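K.L.:
Give me a model of this one.
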Amino acid sequence: MPHDLTRVLGLWRSRWGWLIAGAIVSILAVLAGVALLAFAGRGVSEGLRTGALAGAAAGSLILLRPLIFLRPGARYFERLVTHAATFRALADTRVWFFRRLAERLPGGLGLRGAGDLLGRLVTDVEALDGLYLRALVPVTAALAVVLAAAAILGALDPALAAIVAL
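P.N.:
As a prediction, this is how the structure comes out:
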């Protein structure tokens, strides 16, 4: 499995810029969402603690306003960049695959029984879009959230940061 993953990532070497940009934008979008949750929770908890919900909400609203607009924009931009990266990487994969297939079958696929084979091959190549969009990007975003939470908590309580990181 790791060998297959490194081989696929090697095929996508020419698109590393797009793939990394998609992961970075995804991390920023996820961190904006976590910050939005944290500041909203902080505002509600301070309001309940002090008994002046309106005053505490107004104070935290200053921090929330930029995040309220940043998060949806970041999520939209994330979708644009990650899908563009995926389409470009899959285009390279298809070109590589069919070029290698043409080298091995000089007579072409032929007309008999080729539809099933071609359908299975195209489906296998299309399954690779799940590798980046549904596996690599979410894992990197989740790791970034864990590292950010551990870094923030590490300043307050190192033992709690280690528990959260685990």
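
K.L.:
all contacts plus neighbour counts: C-alpha atoms, from now on.
P.N.:
Will do.

K.L.:
Low-confidence ranges, the protein, go.
P.N.:
Counting by pLDDT under 70, the low-confidence segments of the chain come to 1, 52-61, 105-118.

K.L.:
and the longest helix for it?
P.N.:
Longest among the helix segments of the chain by residue count, using DSSP state H, is helix 53-104.

K.L.:
just how off-centre is that helix within its chain?
P.N.:
Relative to its parent chain, helix 53-104 has a centroid offset of 7 Å by CA atoms, centre = their mean, to the nearest Å.

K.L.:
what about residue 25, neighbour count?
P.N.:
By other CA atoms under 10 Å, 22 other residues sit near residue 25.

K.L.:
Make sure it is actually in contact with residue 71.
P.N.:
No - counting by CA atoms under 8 Å, residue 25 stays clear of residue 71, with 10.9 Å between them.

K.L.:
Please name every helix or strand in contact with the longest helix of the chain.
P.N.:
Secondary-structure packing of helix 53-104 (3 or more CA pairs under 8 Å, 6 or more residues apart in numbering; DSSP states H and E): helix 2-11, helix 16-50, helix 114-126, helix 128-131.

K.L.:
and those, which is most packed in?
P.N.:
Greatest average neighbour count among the helices and strands packed on helix 53-104 goes to helix 16-50 (a mean of 18), per mean count of other CA atoms under 10 Å.

K.L.:
Thanks again, I'm all set now.
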